[in-house]
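[1] got a predicted structure here, sequence first:
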Amino acid sequence: MRQEDNKRGGVDLENRPVIKISLFSRLVMIYNDNEIILSDYLGKQLLILLEMLIYYRQNAFSNDLIIEAIWSHHKNPRNAMKYSIHRLRMKLVEIPGLENLDFIVTAANGYILNPAYTYQVDCEEFFKLHQVLKNKKINQETELTALKLIYLYQGQIYQSPKIQWAIYINDFCKKIYLYYVEILCEYFLEQEKYTCIIRITQHAAAMVPEYEKAYYYHFKALISQQKFHEAREYYDVTIKQYAQKYKLTLNQEFRELFHQLMLNNKKTTAIDDIYTELLTVKQRDNTFFCEFDVFEYIFEKAIRDQKRYHLSYYLILFSLESYPENQEMKIMLKLKKIIFKTMRSTDSFTRINELQFLTLITCNEEEDVHTIAQRVIQRFYRVNTSSLVKIGYSIKKV
């Protein structure tokens, strides 16, 4: 074979350039030890186009697929696509460090990332590690692989929020990541390796700040090390802020840990200090959301107050009666926010299952209760106009 046959597109196949690509968090290329942040050179549309070429690089990226993903509503999509491919090619060769590389190759039915180069992509390594660990228990042989997997994760990949495959892959990556965070934390609890848990939970809280168990395992690790003062500070500063930001009531596991913390705190406190701390708790302007076990205590107290003060209490049950497939979680979160903002600070409510919220309110007349319930539903429909969504309610006098 002649020497020129060992080349394709000007690239020596025996010495293929190795290009490392990071897709987590942002699109970065590393070539010849130079780290290149592509968003410094490419606009959003060209970044999405390049991400799609990376994603589909094993097969030709068809013209129809490009148009459907990016220019489906454009008046002249084929011209827009050709112009953007041309711009992307020109922009890439203008980037310092990439001048001699020809990334985009024209194929029979579209375009492909130049197969003459070797690509090492972080999210593909992430999926390979997941396949290695699949159906295996975490032990001394697998813990390093699992740790490598979770630290590879740096947040969202494929910054294309309107493209379906990007949404699916991002959700799938997050589920894999959180799965290994949880099983590693459980494993290290058994091993009493608490510093490993702290590092993992700090990473998880940064990557997925709404993930409740990151705070739970961090809190538990501090208590398990008998770092009670540090645990109390973490609870007061971090966990309370998390619950307030995401409008959540901490679950039974959190409350049991906090009870354990208080029992192990040997430092005595003066009543004036306790009173001052209670006064500094932020007063609630909205209705009180709680877990069902707390709601039961509130209900029991309401019955006592009813007998003593002759108050009238009512239960309102809000039910999601119809909804688009796989949308119930998102809809119930919206309904929760509407109830939270609409009802009074003296009212309480809880979620009793996937499709229902239960509220407890005090009112003189049942007619007023219907007015309150209808106000909640009307406000919900203002922000949720889909005809597929239906909310119903029922009322019961206590």
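    On my side now, so go ahead. Residues are numbered from 1 along each chain as shown.
[2] can you give me the strands for the stretch 101-250 of the chain?
    104-107, 110-113, 118-121 (DSSP state E, counting those that start in this stretch).
[3] what helices or strands is the last one leaning on?
    Pointing back at strand 118-121 there. Applying 3 or more CB pairs under 8 Å, 6 or more residues apart in numbering; DSSP states H and E, one finds that strand 118-121 contacts strand 18-22. Heads up, the C-betas are built off the backbone N, CA and C, glycines and all.
[4] now do the buried residues in the strand it packs on.
    Neighbour counts over strand 18-22 (16 or more other CB atoms under 10 Å) mark 19, 20, 21, 22 as buried.
[5] could you dump those to JSON lines with distance to residue 55?
    JSON lines is the format used below for those (distance: CB to CB, whole Å):
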{"residue": "19", "distance to residue 55": "15"}
{"residue": "20", "distance to residue 55": "16"}
{"residue": "21", "distance to residue 55": "11"}
{"residue": "22", "distance to residue 55": "14"}
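[6] ok, residue 128 - how many residues close by?
    By other CB atoms under 10 Å, 11 other residues sit near residue 128.
[7] which residues sit in contact with it?
    Listed by CB atoms under 8 Å, 6 or more residues apart in numbering, residue 128 has no contact partners.
[8] check which helix or strand residue 97 maps to.
    Taking DSSP states H and E as the definition, one finds residue 97 inside no helix or strand.
[9] show the pLDDT at it.
    Predicted confidence (pLDDT) for residue 97: 88.
[10] measure it to residue 19 for me?
    To residue 19, residue 97 is 11 Å away according to CB to CB, to the nearest Å.
[11] what's the answer for residue 308, then?
    From residue 308 across to residue 19, the span is 75 Å (CB to CB).
[12] now for the top helix by length along the chain, which elements pack on it?
    In the chain, with assignment by DSSP state H, the single longest helix is helix 164-191. Packing partners of helix 164-191 (3+ CB pairs under 8 Å, 6+ apart): helix 122-133, helix 143-152, helix 194-207, helix 212-224.
[13] okay, the angle between it and helix 122-133?
    50 degrees (axes from the mean of the first three to the mean of the last three CA atoms, to 10 degrees).
[14] what about residue 350, which SS state?
    At residue 350 the chain is in strand, as set by DSSP: H, G, I helix; E, B strand; the rest coil.
[15] which residue, other than its chain neighbours, is closest to it?
    residue 295 (4.0 Å; CB to CB, 6 or more residues apart in numbering).
[16] how about CSV for the buried residues of strand 18-22, with pLDDT added?
    Listed next are the buried residues of strand 18-22 as CSV, based on pLDDT from 0 to 100:
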residue, pLDDT
19, 90
20, 91
21, 89
22, 86
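[17] spit out the contact partners of residue 358.
    By CB under 8 Å, 6+ apart, the contact set of residue 358 is 295, 315, 316, 317, 318, 349, 350, 351, 352.
[18] in the sheet, who's paired with it?
    Assessed by DSSP bridges, residue 358 has beta-bridge partners residue 317, residue 350.
[19] show the pLDDT at it.
    93.
[20] ok, it to residue 314 distance?
    Counting by CB to CB, the separation of residue 358 from residue 314 is 11 Å.
[21] mind listing the helices for the stretch 1-150 of the chain?
    For the stretch 1-150 of the chain, the helices defined by DSSP state H, counting those that start in this stretch occupy 44-55, 63-70, 77-94, 122-133, 143-152.
[22] circling back: nearest to residue 362, of the helices and strands packed on helix 164-191?
    Closest approach to residue 362 among these is made by helix 212-224 (31.1 Å; CB to CB).
[23] residues of that closest one that come out buried?
    212, 213, 214, 215, 216, 217, 218, 219, 220, 221, 222, 223.
[24] and if you look at stretch 68-83?
    69, 70, 71, 77, 80, 81.
[25] the third one touches residue 79, doesn't it?
    Read it as residue 71. No - with contacts counted by CB atoms under 8 Å, residue 71 stays clear of residue 79, the gap being 9.3 Å.
[26] and the contacts of stretch 236-255?
    By CB under 8 Å, 6+ apart, the residues outside stretch 236-255 that reach it are 205, 209-210, 212, 215-216, 218-219, 258, 282, 289-291, 293-294, 336-337, 340.
[27] at 7 Å instead, please
    For stretch 236-255, contacts defined as CB atoms under 7 Å, 6 or more residues apart in numbering pick out 210, 215, 216, 219, 289, 290, 291, 293, 340.
[28] need the residues you listed in a markdown table (columns: pLDDT).
    Compiled in a markdown table, the contacts of stretch 236-255 are given as follows (pLDDT from 0 to 100):
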| residue | pLDDT |
| --- | --- |
| 210 | 88 |
| 215 | 93 |
| 216 | 93 |
| 219 | 93 |
| 289 | 82 |
| 290 | 79 |
| 291 | 77 |
| 293 | 77 |
| 340 | 87 |
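[29] as CSV, those with distance to residue 374 would be great.
    As requested, these are exported to CSV (distance: CB to CB, whole Å):
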residue, distance to residue 374
210, 31
215, 37
216, 38
219, 41
289, 21
290, 24
291, 27
293, 29
340, 17
